[in-house]
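Visitor: Need coordinates for the following:
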Amino acid sequence: MDSSLPVMDRRTWLLRLISVRLIVFSVFVTAQYFFVTTELSLGRPTLLVYLLSGVWLLLWRFNTRYAGQASAQIAVDLLLITWTVNLTGGMDSYFSSLYFLEIVMSSILLDSRGAFLTTTFSSFIHLANLDLAYLGYISWTGGPRPELSSLQYIISLNVFAFCAVGFLSNYLAERWRSAGAELKKSTGQVAFLQAFSGRIIESMGSGLITSDLDGRIYLFNQAAEKITGCSSRDALHMTIEEVLPGILSKADLRKCDIWTRRLDGNDAYLRFTVSPVVIDDRHTAGYVWCFEDLTELRMLERQVRQKEQMAAIGEMSAGIAHEIRNPLASITGSFNLLQSDLDLNAEQRQLVDIIMRETERLNLTITDFLSYARLPAPKPKRTDLSILISETVSLLRNSPELKPTHRIETELEPVHAMVDESMMRQVFYNLATNAFKAMPDGGVLTIILEARNGVAKMRFRDTGIGFGEDELKKLFLPFHSSFKNGTGLGLPIVYQIVTAHNGAIGVKSRRGVGTTFYIDL
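Guide: Residues are numbered from 1 along each chain as shown. A predicted model of the protein is given here:
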């Protein structure tokens, strides 16, 4: 008889049936002698149970057809239980509860059909035993004979109980077998993933993550820890989306580049290659995520593009400004000469003043732009940047740009560098005033200075409105300002000064979160 129960599991449960029936029957017999006053002889059933248990045990030891032995053992046990019930009081015998044990064990050892046959046979043989005893065909060992209706009612209750137990036990056994099969399948998948991940070299430079179909992480190598800032121990309790936010939003996951955020709050630009882990032709167990950290390369590319753009714009703008300034000087001189020979009324005099004032403002703007486009060479000297920043902060605290709702915090280490002091003060002042403009309702400006691997690293971090992606691309272009009343030359001048010092400047920003400017000298 076929069953979905594996051979080794059936063999184990068959041994359990032999042991349990022996123990339970012994307990019942002992209880019969000690707690039931009726003197009944159970010697022959007891001896037969022990003899059959030995026979079943020998068959279990040398036989390999465990399904057949289970069917035979259950059938013989039902006959033995019926005989014992007949000897111990018929419908009053508590040995009838042993039927339930056989029904439950048949649900485990046999398939659904075998469990149904066991339930049916138990009901039939119990009914036949009580009815034949009542009609006198076999001996009646119980108390006074009840009325036929009462007997049929008791038999109906027993049959109903047998069917209910049979149905429930078979349902639970099927669920248990199904769960066991699923568990073994899952165990096989996990074993495959573990065997696969065991071949991964922990020292590889690229990050590597393996996950199941739902994104739960099973493998997290050392490179992945370094790139994401998340430890392997923590990552194994997380999903890929929790470790690398935004990765699952990509339409094509086979290969993609994405800006994401590390757990320490810093942005990272990663390049992914995603491959499925295929168990067979139809089933996929999960995915393998290989990725590289291209953040520094991305920043360098952006800086190179910015330098090229700034150089081209500066050269072109210097020529344009020069061409505008010369005619403007001629126009101004000619206008001054003309107005001296004219008799102007009050309204005309007011228009002349407006022309002169706007001409002068245009001339000053061109002068400032030429200063940006033709930045003088810095005159560096060894300077303690922490003192330079502290002096600038003291100046800012008395500046009209600083509102009562603004707060400045500093984390400064003594760091020396070769810089032009006046130029670097202008850098600090421009970045700080920009931060205040980005925090119109107040906020915190944090200035950090530290030395790392011989590099002076400065961070200006605000909690302001932040910039969008399009604004970041134009941030260092002249005459591009995100604030009202801005000339759009502050950040371009900062960029020119840092570049003139052979330094690097970068920015990271998120709308509604804030902005951080990075300067490395």
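Visitor: List the buried residues in stretch 240-251.
Guide: Neighbour-count burial for stretch 240-251 flags 240, 243-244, 247 (criterion: 16 or more other C-beta atoms under 10 Å). C-betas here are computed from N, CA, C, even on glycine.
Visitor: Alpha carbons of it, in CSV - could you do that?
Guide: This file holds the C-alpha atoms of stretch 240-251, laid out as CSV (Å, rounded to 0.1, in the frame of the first residue of the first chain):
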residue,chain,number,x,y,z
ILE,A,240,18.0,43.4,0.7
GLU,A,241,15.8,46.5,0.6
GLU,A,242,16.5,47.3,4.2
VAL,A,243,20.3,47.1,3.7
LEU,A,244,20.2,48.9,0.3
PRO,A,245,17.1,51.2,0.1
GLY,A,246,15.7,51.6,-3.4
ILE,A,247,17.4,48.6,-5.1
LEU,A,248,14.1,46.8,-5.7
SER,A,249,12.6,49.8,-7.4
LYS,A,250,14.8,49.3,-10.5
ALA,A,251,12.9,47.9,-13.4
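Visitor: Shouldn't W60 be within a helix?
Guide: Yes: inclusion of W60 in a helix is indicated when DSSP: H, G, I helix; E, B strand; the rest coil is applied.
Visitor: can you list the domains in the chain?
Guide: 7-188, 207-293, 298-373, 381-520 (automatic domain parsing).
Visitor: Throw those domains into JSON lines and include mean pLDDT, thanks.
Guide: Formatted as JSON lines, those follow (pLDDT from 0 to 100):
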{"stretch": "domain 7-188", "mean pLDDT": "73"}
{"stretch": "domain 207-293", "mean pLDDT": "79"}
{"stretch": "domain 298-373", "mean pLDDT": "72"}
{"stretch": "domain 381-520", "mean pLDDT": "86"}
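Visitor: So what's the residue count around R382?
Guide: A count of nearby residues for R382, using other C-beta atoms under 10 Å, gives 8.
Visitor: Please, where are all the strands along the chain?
Guide: 207-212, 217-220, 255-261, 267-278, 284-293, 381-384, 406-412, 416-419, 443-452, 455-462, 504-510, 514-520 (DSSP state E).
Visitor: since we're on the nearest residue in space to A435 that is not next to it in sequence, how many residues are nearby?
Guide: Counting by C-beta to C-beta, 6 or more residues apart in numbering, A435 lies nearest to D462, which is 3.9 Å off, once chain neighbours are set aside. Residues near D462, counting by other C-beta under 10 Å, number 26.
Visitor: Bridge partners for D462, pull those for me.
Guide: L445, T515 (DSSP bridges).
Visitor: if I pick it, what's in contact with it?
Guide: 435, 438-439, 443-446, 514-516 (C-beta atoms under 8 Å, 6 or more residues apart in numbering).
Visitor: Repeat the analysis, applying 10 Å as the threshold.
Guide: Under the criterion of C-beta atoms under 10 Å, 6 or more residues apart in numbering, the neighbours of D462 are 406, 431-432, 434-439, 443-447, 509, 513-517.
Visitor: Report the buried members of those.
Guide: Using 16+ other C-beta under 10 Å, the buried ones in the contacts of D462 are 406, 431-432, 434-439, 443, 445-447, 509, 514-517.
Visitor: would CSV of the buried residues of stretch 240-251 with distance to L148 be doable?
Guide: Below are the buried residues of stretch 240-251 laid out as CSV (distance: C-beta to C-beta, whole Å):
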residue, distance to L148
I240, 72
V243, 75
L244, 77
I247, 76
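Visitor: Determine which two of these are furthest apart.
Guide: V243 and I247 (8.5 Å; C-beta to C-beta).
Visitor: quick one on the thing from earlier: which of the buried residues of stretch 240-251 lies closest to D111?
Guide: Nearest to D111 among the buried residues of stretch 240-251: I240, at 41.6 Å, using C-beta to C-beta.
Visitor: Make sure that closest one is actually in contact with C230.
Guide: No: applying C-beta atoms under 10 Å, one finds I240 not in contact with C230, separated by 11.1 Å.
Visitor: Can you check which residues contact both of those two?
Guide: With C-beta under 10 Å, 6+ apart as the test, I240 and C230 both reach I217.
Visitor: quick one: the closest residue to I125 other than its chain neighbours and A72, what's the gap?
Guide: Take I125 and drop its neighbours on the chain: the residue closest to it by C-beta to C-beta, 6+ apart is T82, 5.1 Å away. Distance, T82 to A72, by C-beta to C-beta, to the nearest Å: 16 Å.
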